[in-house]
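Asker: For reference, the sequence and a predicted model appear below.
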Amino acid sequence: MAARGSWWQKGRVTTSSTTSRRARFCTGSILRHTVVMAGTGAIGLVAVFVVDLLNLFYISLLGDRALTAAIGFASAVGMLQLSVSIGMSIGLGAVISRLIGAERHDEARAVASSALVVIAAIMLVIGLATVALLPPILRLLGASGDSLQAVARYVRIVSPFLPLIALGMGFSSLLRAVGAARRSMTVTLSGAAVAACLDPALILGLHLGLVGAAFSTVASRGTVALLGALSARRHGMLQRPVPHRLLPDARLVARVATPAILTNLATPVGGAYIIHALAGFGLAAVAGQATIDRITPVAFAFIFALTGSVGPIMGQNMGAGLLGRVRETLRASLLLVLGCVLVMWALLALFQNQVVELFSATGTAAELIHVFCSFTVASFLWVGALFVANAAFNNLGFPLLSTLFNWGRATLGTIPFVTIGRHYGPVGVLLGQAAGGIVFGTLAAITAFVVTHRLRPSPVGLGTAADVPAVTGKAALAELSELRGREAS
């Protein structure tokens with residue numbers, strides 16, 4: 001590691017104080033830690049997802065329903081891809097947060113650097129494989145005609161650059177593990193600013209449509225990856241990768257990440273089935289769902305940020321053996337979910353007509369948006385409870401419960417409910433999806449309370465999936481919000 005004048009050495013020298021300080025979440029108010037981390041992360045999330053929402057708005061101004069529907073199909077493909085990256089990055093962050101909680105900072109730095117190389121390589125392979133298999137994938141989702149051609153062009157541009165978002169997520173996990181909220185939020189806002197500037201210029205100014213959105217996405221992700229790397233180096237979490245450590249360190253993270261990948265794949269699989277079901281009712285139904293999918297992360301940015309915040313707080317306190325604080329984190333998180341859903345339900349119900357007009361939605365698309373704003377938005381209370389419960393399961397040594405509940409919701413909580421709902425039209429599909437979420441969210445929350453009250457002290461271990469902070473597939477870009485914690489003053 002000598003490295004004369006090394007770029008890596010500079011990072012280590014400037015961050016000695018960072019690596020020597022003790023884990024910050026092991027003392028102080030749990031509610032305050034949770035609110036500060038989630039609130040800070042939500043700012044970054046709102047920036048990211050508002051840009052996505054504006055992206056949809058610009059596309060809707062073109063007046064081509066096929067393009068609007070193509071966004072729905074593109075999201076389904078993208079979420080399947082990103083779930084793998086999310087699983088690996090949260091596995092990385094989980095291992096690192098436990099190492100930091102155990103005061104093993106040098107080992108954390110080495111593991112992080114090795115794992116990031118492997119993560120980027122894996123995502124490159126996935127991106128190229130997606131391009132090769134794209135036509136049958138899109139047909140399976142129900143895409144056809146102009147919509148299929150539009151989404152194919154978008155995915156072929158974005159997919160080869162998946163390593164950029166994988167690295168962005170990885171750096172996010174490292175920053176989150178050390179609680180560098182202000183720095184990570186700056187990174188996110190920079191990426192969002194790039195997309196905000198490029199989207200209208202490319203989509204409307206140059207009349208590139210979804211192709212312009214694809215170029216903007218690549219540029220935004222590249223910005224986040226670059227600035228994330230600089231920020232992680234500044235916080236002493238990077239060093240020059242050592243070849244002989246690559247596979248051993250990757251296997252360490254893989255033991256944590258594999259169940260996380262399986263867990264996170266469940267949500268996009270369920271989402272893909274919903275898109276497939278709606279495709280049978282025409283492009284307007286898919287366009288309506290695409291609009292709902294873009295509204296949801298903006299409306300519930302705080303909950304998505306909260307989900308990512310639970311992992312580091314629970315991880316550090318679990319590593320320190322402070323089980324009472326782990327239980328308190330669960331209770332505080334669920335109360336915050338309740339408050340957020342009640343506020344957003346009231347706002348969406350009140351302004352639903354304006355939402356429909358904003359996105360030029362008509363017919364079936366407008367009907368679906370009205371149903372969402374009036375009724376099914378309330379089901380996010382149970383979805384949020386499921387998110388928080390999964391974080392508890394993963395951090396407390398019960399990763400299979402997280403996988404069980406996520407896949408249960410994506411299969412038993414989606415397929416039969418949506419299949420029955422299809423008989424009542426596209427609105428029935430939404431109601432079926434909501435009903436399944438309520439069932440599995442309730443069961444997950446009850447189980448989480450049982451698990452936390454049966455906790456017993458145990459030594460720190462880094463080779464199990466117990467360390468995985470749950471992040472949902474739906475919130476893929478939530479990882480890019482570089483979630484949270486309070487930066488040391």
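Answerer: Received the coordinates, thanks.
Asker: Mind naming the longest helix for this structure?
Answerer: Taking DSSP state H as the criterion, the chain has its longest helix at helix 65-101.
Asker: ok now it, how far from the chain's centre?
Answerer: 5 Å (Cα atoms, centre = their mean, to the nearest Å).
Asker: Which stretches in the stretch 101-250 of the chain count as strands?
Answerer: Counting by DSSP state E, counting those that start in this stretch, the stretch 101-250 of the chain yields no residue ranges for strands.
Asker: so where's it uncertain?
Answerer: Scanning the stretch 101-250 of the chain for pLDDT under 70 picks out 181-182.
Asker: which stretches of the stretch 301-450 of the chain aren't confidently modelled?
Answerer: Applying pLDDT under 70 to the stretch 301-450 of the chain flags the ranges 318-319.
Asker: Quick one: the helices in it, in order.
Answerer: Applying DSSP state H, counting those that start in this stretch to the stretch 301-450 of the chain gives helices spanning 301-319, 323-350, 352-358, 363-374, 380-395, 399-410, 415-422, 426-453.
Asker: in the last one, what counts as buried?
Answerer: Judged by neighbour count (16 or more other Cβ atoms under 10 Å), helix 426-453 contains these buried residues: 426-438, 440-441, 443-445, 447-448, 451-452. The way it works is simple: take the backbone N, C-alpha and C, and place the C-beta from them, glycine included.
Asker: just checking, what packs against that helix?
Answerer: Judged by 3 or more Cβ pairs under 8 Å, 6 or more residues apart in numbering; DSSP states H and E, helix 426-453 is in contact with helix 246-279, helix 283-299, helix 323-350, helix 363-374, helix 380-395, helix 399-410, helix 415-422.
Asker: what does the fourth one give?
Answerer: Packed against helix 363-374, as judged by 3+ Cβ pairs under 8 Å, 6+ apart, are the following elements: helix 283-299, helix 323-350, helix 352-358, helix 426-453.
Asker: so residue 312 touches residue 95, yeah?
Answerer: No - Residue 312 is beyond contact range of residue 95, at 11.9 Å (criterion: Cβ atoms under 8 Å).
Asker: about what we covered before: got JSON lines for the helices of the stretch 301-450 of the chain, with distance to residue 89 too?
Answerer: Shown next, in JSON lines, are these (distance: least, Cβ to Cβ, whole Å):
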{"stretch": "helix 301-319", "distance to residue 89": "10"}
{"stretch": "helix 323-350", "distance to residue 89": "21"}
{"stretch": "helix 352-358", "distance to residue 89": "32"}
{"stretch": "helix 363-374", "distance to residue 89": "30"}
{"stretch": "helix 380-395", "distance to residue 89": "14"}
{"stretch": "helix 399-410", "distance to residue 89": "16"}
{"stretch": "helix 415-422", "distance to residue 89": "29"}
{"stretch": "helix 426-453", "distance to residue 89": "23"}
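Asker: Looking at these, spot the one closest to residue 132.
Answerer: helix 399-410 (25.6 Å; Cβ to Cβ).
Asker: Tally up the residues packed near the closest residue to residue 415 other than its chain neighbours, please.
Answerer: In space, and not counting its chain neighbours, residue 415 is closest to residue 273: 6.2 Å by Cβ to Cβ, 6 or more residues apart in numbering. As a burial measure, residue 273 scores 20 neighbours (other Cβ atoms under 10 Å).
Asker: ok, now which ones touch residue 273?
Answerer: 410, 414, 415, 418 (Cβ atoms under 8 Å, 6 or more residues apart in numbering).
Asker: Residue 146: which of the helices of the stretch 301-450 of the chain is closest?
Answerer: So among those, helix 363-374 is nearest, using Cβ to Cβ, at 16.7 Å.
Asker: closest one to residue 36 among the helices and strands packed on helix 363-374?
Answerer: Comparing these against residue 36 with Cβ to Cβ, the closest turns out to be helix 323-350 (11.7 Å).
Asker: Residue 367 contacts residue 289, doesn't it?
Answerer: No - under the criterion of Cβ under 8 Å, residue 367 makes no contact with residue 289, lying 11.6 Å away.
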